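*Asks:* Would you be able to build a 3D model of this:
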Amino acid sequence: STQSTGGLGTAYVHGLKSASGEFVIILDADMSHHPKFIAEFTKVQQATGCDIVTGTRYRPGGGVYGWDWTRKLISCTANYLTQIMLWPGCSDVTGSFRLYRREVLENLVSCVTSKGYIFQMEMMVRAKQFGYRVEEVPITFVDRVYGESKISSKEIIGFWMGLLHLFATT
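*Replies:* A predicted model of the protein is given here:
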């Protein structure tokens, strides 16, 4: 659980300690990210030699299932404003379904300071700053079947504050 361990960054550090190999794949354990896309991630990485392959809901072939129009509007607006303000080099900054070269992930995790939803966004902004090559694979995201969605007004305010912070500091 990311709540009891200090957030995504801490979870990534713990995961890296257990992972082996040249590449690391990050995906939601609640099956919101279907593992069937992993083959396409590895195919794209092998074909391009990129450092990061990120799943995107915002390219043709990608999408979201199980969200109401409000949640879709919030997500699209957040991604759109991020594109305008930060030019992150990918279309889906809040997604977490990604393949990383191990050393790239280790470097990014060591320098990212954001928490919550901003963590994923800062990972991609920093990746662009460091000159890492990023490719995208369209994915379908399915909202969790069990449990509650984690988005709240507190998370939305935190996202906007984090976006402004990254805009001012990157």
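
*Asks:* rest of the way, CA atoms for contacts and neighbours
*Replies:* Noted.

*Asks:* Now residue 141: phi and psi?
*Replies:* For residue 141, the backbone dihedrals are phi -100, psi 130 (criterion: degrees, to the nearest 10).

*Asks:* My read is that it contacts residue 30, right?
*Replies:* No. Contact criterion C-alpha atoms under 8 Å: residue 141 and residue 30 do not qualify, at 11.1 Å.

*Asks:* between the two, which one's more packed in?
*Replies:* When neighbours are counted by other C-alpha atoms under 10 Å, residue 141 and residue 30 differ, and residue 141 comes out ahead with 21 against 13.

*Asks:* Could you list everything that one pairs with in the sheet?
*Replies:* Using DSSP bridges, the beta-bridge partners of residue 141 come out as residue 33, residue 64.

*Asks:* Report the contact partners of it.
*Replies:* Going by C-alpha atoms under 8 Å, 6 or more residues apart in numbering, residue 141 touches 32, 33, 34, 57, 62, 63, 64, 65.

*Asks:* ok, the second one touching residue 65?
*Replies:* No. Shown here, residue 33 and residue 65 do not form a contact pair, counting by C-alpha under 8 Å, at 11.2 Å.

*Asks:* quick one: which of those two has more around it?
*Replies:* residue 33 (22 against 12).

*Asks:* Quick check: phi and psi on residue 54?
*Replies:* Reported as degrees, to the nearest 10, the phi and psi values for residue 54 are phi -120, psi 140.
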